[in-house]
Every structure is written in C-alpha cells, then in structure tokens.
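J.: Okay, here's the prediction I keep looking at, along with the sequence it came from:
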Amino acid sequence: MANASPGMPVWVDLATSDLPGATEFYTQLFGWTAHVSPEPEAMGYTIFNKDGKAAAGMGPLMGEGAPVAWSTQIHVIDADKTAQDVTANGGEVVLPPMDVMKFGRWAICLDQGGAPFSLWQPYEMKGAEIFNEPGSYTWSELTTRDPEGSKIFYNKIFGWVPSDRADGPVTYTMFMLDGVAAAGMMPMAGEMWPPDLPNHWMVYFAVADPDQTAAKAIELGGAAPVAPQDITPGRFAVLNDPQGGHFSIIRMSRDFQM
C-alpha cells in the first residue's frame, strides 16, 4: 500500500490528549523520531520519522470531548468538492476543508455509517514517505455494521470497487482502485463485537515481531485488547496506547496476496 494516487490512503495521524506521553510511547514502540512543528499555529503537530522518512503524524485533540484516535487521510484532488460529495451521499463533514499552512488542505468527515475519516489535498506534504516496512503504516480497515451501505458510499466518493472474499464465516471486502488494493472492510457481525463499539477505521502498522511489539506496548503502559494471533493475512494484534488510542500491528504472511 505505497501508491500515492488520488483515492488512496496516504497518511495517518493521531489526535491525542497527551502529546508528550504519546511521543514517549510511540518513539519507544516503533523506533520513531519525533519532530515538532515550530510554527505556533501548528499547535505542537508532530511528524514521526522512521529511518529518516515521514511515517505518521500526531496532534492535539480538535475539540472538547473528542476521542483519542488514529485517523486515515485519503488523497483527493479537490477537498472542497469531495466534501460536497460526502454530504450528497449521506455522510457528514465534521471539519470543513481548511488549509494547513503550506502543507495541504484537510477535512474531517463521517461516512454514511458514522465512521470518521479525513480528506487530504496535498500541497507540499504529499503523505507518508515509508510504507509496509517494520514501524510504518501498512493498511487501513473499515469496521462497520453497514457494509453494504459502505460499498456504495466509498465507491461514490473515491471510486473504490468492492471485492468480497470469504475468510472463514466472515466476508471480508477489499476496496480496489484501478486494480490496486486501497483499503479493507470488516463487517461487525456476531457477538464478538461490543454493542456500543461505533463504526470506525482501524490503522495497521507493520512490525517484524507482533508478540514482542505487543509485550513492549504493555510494558510502556499500553494494552493489547486483542492478543497476538494468526489470521489469513499474517500475525496481528490490536493495541491501545496509554491515552486510549487503538491501532493494530501486523506481520504479513509472505504467501498472502492482496
């Protein structure tokens, strides 16, 4: 997932209640280095680098009561037009398109099922510079109770073509764009999902050893609500940082084909 074409996820960032605490956690967990934007209007926005390349970002919560969460930002040509398309197709624009200094134009939206995602119209900042390597972003997955509605919504907004595949009793959807896997979708069906868990996008980071990384996260004050386990694409776990931000880690199987 290293394609930066329009319609592809190109950046992930964390909105958190504790910038210093999250910096300590993620730099130790993934070996990132933190670079805080010096401009006062950036409000402490931080770029995390891996091997000298931009891997992910972090900023403060945007409003009172906002949750600590990782967000997926999707490359668009015209953030204003795409935001209009979101509204026209049953979604909602939470934060209207705005310029982020010289870096790009950004908006926060909800899809038709209420799952938040972001639009990114790049200026100088094109997105992540490293993908799929240990300690870098590798995948985004929509987890939703309205998979059929989501297929229609994301096709209208980004041109994604849903491709279903059976994964045991679950039908997993790959969202394809020009023959390339853009993102995934997991339906929230059955008793394994807490009834109060909202529809959401899950961010995945590649790691060399999920078991070791999960143990490290716990040591650093985080948690592993889903312990390391084998799934069809590889070995994965769901982790929480000390502030409550959830994310997944995965070591992809060499035999798995997107």
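T.: Right, received. Where do you want to start? Numbers count the residues shown, from 1 in each chain.

J.: From here on, just use CA atoms for contacts and neighbour counts.
T.: Fine.

J.: ok, Arg145 to Leu197 distance?
T.: Distance, Arg145 to Leu197, by C-alpha to C-alpha, to the nearest Å: 10 Å.

J.: more neighbours, the two?
T.: Of the pair Arg145 and Leu197, Arg145 is the one with more neighbours under other C-alpha atoms under 10 Å, namely 18 against 11.

J.: looking at it, the more buried one is touching Met188, isn't it?
T.: Yes - in this structure Arg145 lies within contact range of Met188 using C-alpha atoms under 8 Å: 5.0 Å.

J.: Could I get the pLDDT score of Gln257?
T.: Per-residue confidence (pLDDT) for Gln257: 57.

J.: And for Ala2?
T.: 51.

J.: Helices of the stretch 101-250 of the chain, residue ranges please.
T.: 147-158, 210-219 (DSSP state H, counting those that start in this stretch).

J.: in the lowest-mean-pLDDT helix or strand in the chain, what's buried?
T.: Least confident helix or strand of the chain, by mean pLDDT, DSSP states H and E, is strand 161-167 with a mean of 90. Across strand 161-167, burial judged by 16 or more other C-alpha atoms under 10 Å covers 161-162.

J.: Next: stretch 7-14.
T.: Buried residues in stretch 7-14, counted by 16+ other C-alpha under 10 Å: 7-14.

J.: Please list the outside residues in contact with stretch 36-54.
T.: Stretch 36-54 has contacts (C-alpha atoms under 8 Å, 6 or more residues apart in numbering) with 19, 27, 31-35, 55-60, 127-130, 135-136.

J.: Which ChimeraX command selects the buried ones in those?
T.: In ChimeraX syntax, the buried subset of the contacts of stretch 36-54 is picked out as below (16+ other C-alpha under 10 Å):
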select :19,27,31,32,33,34,55,56,57,58,59,60,127,128,129,130,135,136
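
J.: Among the contacts of stretch 36-54, which are located in strands?
T.: 33-35, 55-60, 136 (DSSP state E).

J.: and Ile218, what pLDDT?
T.: pLDDT for Ile218: 98.

J.: cool, and the one 5 residues further on?
T.: With respect to pLDDT, Ala223 scores 98.

J.: how many neighbours does the nearest residue to it once chain neighbours are set aside have?
T.: Leaving aside its sequence neighbours, Ala223 sits nearest to Asn240 (C-alpha to C-alpha, 6 or more residues apart in numbering; 5.0 Å). Each residue near Asn240 was counted by other C-alpha under 10 Å, and the total is 20.

J.: and what of Gln28?
T.: Look at Gln28: counted by other C-alpha under 10 Å, it has 14 neighbours.

J.: Report the separation between it and Leu61.
T.: Distance of Gln28 to Leu61, computed by C-alpha to C-alpha: 22 Å.

J.: for Ser118, same thing?
T.: Going from Ser118 to Leu61 by C-alpha to C-alpha gives 14 Å.

J.: Over to Val100?
T.: From Val100 to Leu61 the distance is 16 Å (C-alpha to C-alpha).

J.: again, but for Phe153
T.: Counting by C-alpha to C-alpha, the gap from Phe153 to Leu61 is 27 Å.

J.: And Ser150, by the same measure?
T.: Distance from Ser150 to Leu61, by C-alpha to C-alpha: 26 Å.
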